[in-house]
Each structure stands twice: as structure tokens, then as C-alpha cells.
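what's the 3D shape of this:
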Amino acid sequence: MSRVFLLSTNTMTEPYPVYPLGLAIVASALSRAGHQVRQFDWLVEERSPEGLLEEVQAFGPDFVGVSIRNIDNVDSFTCDASWSLDGDREIVRLLQREIGVPVILGGSAFSIMPEEILDYTGADYGVVGDGGRLFCEWIERFEEGEPLPRVFREADPLSEGDMGVSPFWDRRLLDWYKEWGKLVGIRTKRGCPHRCVYCTYPFLEGRRYRKRSPEAVVEDIERLRTDFGVEGVFFTDSVFNDDEDHCLAIVEELIRREVRVSWSAFFQPGKSTAGHLALMKRSGLYAVESGTDASSDATLAGLDKSFSFADVLAFNEACLGQELPCVHYIMFGGPGETLDTLKEGLENINRLRNSVVLGFSGVRILPGTPLARRAVAEGIIREQDSLLKPVFYFSPGLEKAALNEAVAEAFRGKRQRVFPPSAGQERLKVLNRFGFRGPLWDKLISFDRKRRRF
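Got it, this is the predicted structure:
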């Protein structure tokens, strides 16, 4: 069996640091296969090359796996400053120069543009797909002397893969993330059947759901709570409430086992009823993140969303009825956006009572998506253009400067409206100085508990 050193390179802390869940799942699969594993987090170790070299040399690995979670922060105002691949390339070069064993890339960001990222960083190999099972398979084939492609892909992207694997939690890392983020990620399923024009989930994970059993999900949460003192989790599914039967079974299992934990997740508007939200709140749901994405029916259709803005309003009211803080993420300037739709959308946003709206300008273009094909057809990019450096789609029917000015003016002076996202980070820094941790957007919402209006 081999010694495998796993490294998470993610350093983004907006809106809060995120525990490297994918790394923990890969570590668990490798460990179950009999390999010795060491996990290292570049962010937790304060981005120290000396600390990295000291630990990896002491471990003496046969292979180094590097997880790349993000390329940039998808914010058109600050994306250039957040671009991370230069840092990833320096880490790869350091490992190759000082350690001299194969460096294998993986992670969600790597899987979006594997060949380009592999070429840019100069790493030896890359794994695309369910990392735990595939990395084990890659090591076995490598050690048998089998010729391997630089990018190793799973043959069946709809296989069950590592869905049954519980993460290999590292106590030291958990303690650090608990201090700064309060929430630890939990995955309940992979795959996404939706066709949102900007999204890479379907071709990364497939369009069919692969679910973990509710019992396994809650066992992981219970272990986090009892063994590691974790008080909050975030369900990292692309959409938590997409499969109502599955998510409600998880909620009911939390209640049945009396697991006391706070939790949050991404929700799709129009899916969950007031009764479902009430049950979820009883199980520990404390805040709702809504993938609203656009603010008018025309721009929702341009993104190929499966709901209307009336569904968004009804969902927001249902959250208010349960006194659940709700945040809506909205991208302005997408396909079909004009001055008229922008005006309508800003008026619609004013109808979202007692909720936070986080606005983005433009939509990050990623390869293989319908948005990328549309951008080529409209002359925004060329088919051969690299998208490693961030490129954003802005509707030809609207000038970027006019869009930004209109949204900024509409949001100005409103506590629950944030634009651009970097403005929200400034608010978070103030709260951090007073000792608050976690997402914190829910602190912008308050309910009158003496006079219930909903």
C-alpha cells in the first residue's frame, strides 16, 4: 500500500472559510483501501511553503494529491484579484522540485477545465470525477505499470462512486474551521437534472441523482456533533430541496434521533411548502439560501430556470411565515437582460420583504455550458478562447456601466441589499471584529417576536 499526501490549496474565505469536504472524502476512500493518508490545508497552515515542505517531507509520500476547489470568486468586480491558479502553479512547482513524486490534481475547479489547468500548473496527472474511488483506481494502475493518460476520467459518470463514503475528518482542521466558519459541509447527493445555462454541475456530476441514505447522512452529522463538537452544518448539494422525498427523509431522521444541530442549504424557490419548511425548522434549519438567480420572468427564462418570480415571492413569504431568514442570490446582466427587464427586476426585488439580496454583475462563463455557446454566437467570446482567466457574460442589450449604476442606486442605503458582493465582505469584517463568525448575512434580518405578522 502507498503513502498519499493530500493537499487543499483553497484560500478563499468569502463569505467564510469552507472545510475541504472533497479532500476528506478522498482521504476516507484511500484509507479504506489500505493506504496511509495525511491531510494538509494551505489556508489553515497560513500559506506557508516551509510548513508544507516540513510536513510532506516528514510524511515521505509516494504520491501527492492536490485539490483545487476554486479558480476565482465569480465576482466581476474582484475576480482578477481572486484568481488562484498562479498560486496553485507555485505549489505544484515547489512539490515537484523538493519532493520528486507524482503530483495529481483533482477537485471541483480542476474538473471544469482539467487539460488547461494541468498544462498551466505543470502537474503530472489529474483525476476527473468521484475522486475517492478514482484515485484508488489510479494508484493501483500506476503501481502495476499501466500507461495512464494525463487526465484520468471515470468511465461511467453516473456510477455510485464514493456516495457511500463518510468523510475522514481531521480534528485539527475541524477545530480551525469551527472557530472561523461555524458550519461544516455535508453532502447528501450528487447530480443535478436542471439545465441552468451557466452551470457545470450536470456535466461534472451527471443529471441523475445519486443519493446517500438518510441514515448515513445523519450518522455523519451525529458524529460531527458528538465526537468533534460541531454545532452547525451546511448541505453542499447543488439544491437541497430538489428531491423532496429524500431531503424530508433526512430531516425526519434528524428529528427521530434528536440530533441537535443548526443547518442551512441551497434551496430552489417553489419547491418546499410552508409545512415542509416548518418540519425543517424543527430539525434545525435556521437560514435559507435561495438560488433565485434572476429578478424577472424574462431573465429567469434566459437562464433556463424552471420557476417564475411569483414562485420566488411565494417562497420568500413561506420563509417569513416560519421566521426563517432568507438570502436571494441574483445575477444581473444575464441573457435577455435589457433596461426594461432591469427596471422590472429591481421593482420585483423591492417586493421581497424582510430578506437579504446579494447582487452580482454579469455571469461567469465556463466551458461546456449553454452560456458559453451563446456567448460565442453573440460574439462575446471566440470558440477557441481560454476561459481560465475569468470572462463574464453581459447581455448585448444593456451597457455594463449603466447596469452597475442602476443596481447600485437601487440598493444604496438599504441594509438588506448588498451590491457588489465585496461590499458585503466589508460588513462581515466589521462583525468579525466583534467576534461574530459564520455567514452572518442572517444577522441583517430580524423578526418581531412579540407581534407575529406572518
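
How about the helix or strand where residue 95 lies, which residues are buried there?
Assigned by DSSP states H and E, residue 95 belongs to helix 85-98. Across helix 85-98, burial judged by 16 or more other C-beta atoms under 10 Å covers 85, 88, 91-92, 95-96. Just so you know, the C-beta spots here come from the backbone N, C-alpha and C atoms, and that holds for glycine as well.

and the next element down the chain from it?
Next along the chain after helix 85-98, with elements defined by DSSP H and E, is strand 103-106.

For residue 393, give its distance to residue 102.
37 Å (C-beta to C-beta, to the nearest Å).

need the contact list for residue 136.
Residues in contact with residue 136 (C-beta atoms under 8 Å, 6 or more residues apart in numbering) are 29-30, 33, 35.

change it to 7 Å
Counting by C-beta atoms under 7 Å, 6 or more residues apart in numbering, residue 136 makes contact with 29-30, 33.

Residue 152 falls within a strand, correct?
Yes - according to DSSP: H, G, I helix; E, B strand; the rest coil, residue 152 belongs to a strand.

picking up where we left off before, more neighbours, residue 393 and residue 102?
Neighbours were counted for residue 393 and for residue 102 using other C-beta atoms under 10 Å; residue 393 has more, 25 against 19.

close enough to count as contact, the more buried one and residue 378?
No - using C-beta atoms under 7 Å as the test, residue 393 is too far from residue 378 to be in contact (8.6 Å).

could you give the mean pLDDT of stretch 328-337?
Mean per-residue pLDDT for stretch 328-337: 98.

any residues touching that stretch, and which ones?
197, 290-295, 298-299, 301-303, 342, 352, 355, 357-363, 374, 393-395, 397-398, 400, 403, 407.

Restricted to helices, list those.
298-299, 301-302, 342, 374, 400, 403, 407 (DSSP state H).

As TSV, the residues you listed with pLDDT and distance to residue 202 would be great.
Listed next are the ones in helices among the contacts of stretch 328-337 as TSV, based on pLDDT from 0 to 100; distance: C-beta to C-beta, whole Å:
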residue	pLDDT	distance to residue 202
298	98	23
299	98	21
301	98	18
302	98	18
342	98	28
374	98	16
400	96	28
403	98	28
407	98	29
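
Check those against residue 140 and report the nearest one.
residue 374 (41.8 Å; C-beta to C-beta).

Quick one: residues contacting that closest one.
Here residue 374 is in contact with 197, 335 (C-beta under 7 Å, 6+ apart).

Surely residue 212 touches residue 186?
No - applying C-beta under 7 Å, one finds residue 212 not in contact with residue 186, separated by 9.1 Å.

So these two - more neighbours on which side?
Comparing residue 212 with residue 186 by other C-beta under 10 Å, the one with more neighbours is residue 186, at 25 against 22.

and the more buried one, what does it touch?
217, 220-221, 233, 235-236.

So which of these sit within strands?
233, 235 (DSSP state E).

could the contacts of residue 186 go into CSV alongside pLDDT, neighbour count and distance to residue 192?
Formatted as CSV, the contacts of residue 186 follow (pLDDT from 0 to 100; neighbours: other C-beta atoms under 10 Å; distance: C-beta to C-beta, whole Å):
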residue, pLDDT, neighbour count, distance to residue 192
217, 97, 24, 18
220, 97, 19, 21
221, 97, 23, 22
233, 96, 24, 20
235, 96, 23, 14
236, 94, 18, 12
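
Return the member of the contacts of residue 186 nearest to residue 20.
residue 236 (11.4 Å).

which one is the closest one nearest to, not counting chain neighbours?
Once flanking residues are discounted, residue 236 sits nearest to residue 185: 4.3 Å by C-beta to C-beta, 6 or more residues apart in numbering.

ok, how many other residues are close to the one you found?
18.

Could you do the one 3 residues further on as well?
By the criterion of other C-beta under 10 Å, residue 188 has 24 neighbours.

Confirm for me that it is in contact with residue 248.
No - Residue 188 lies out of contact with residue 248 (C-beta under 7 Å); the separation is 11.5 Å.

Lovely, talk soon.
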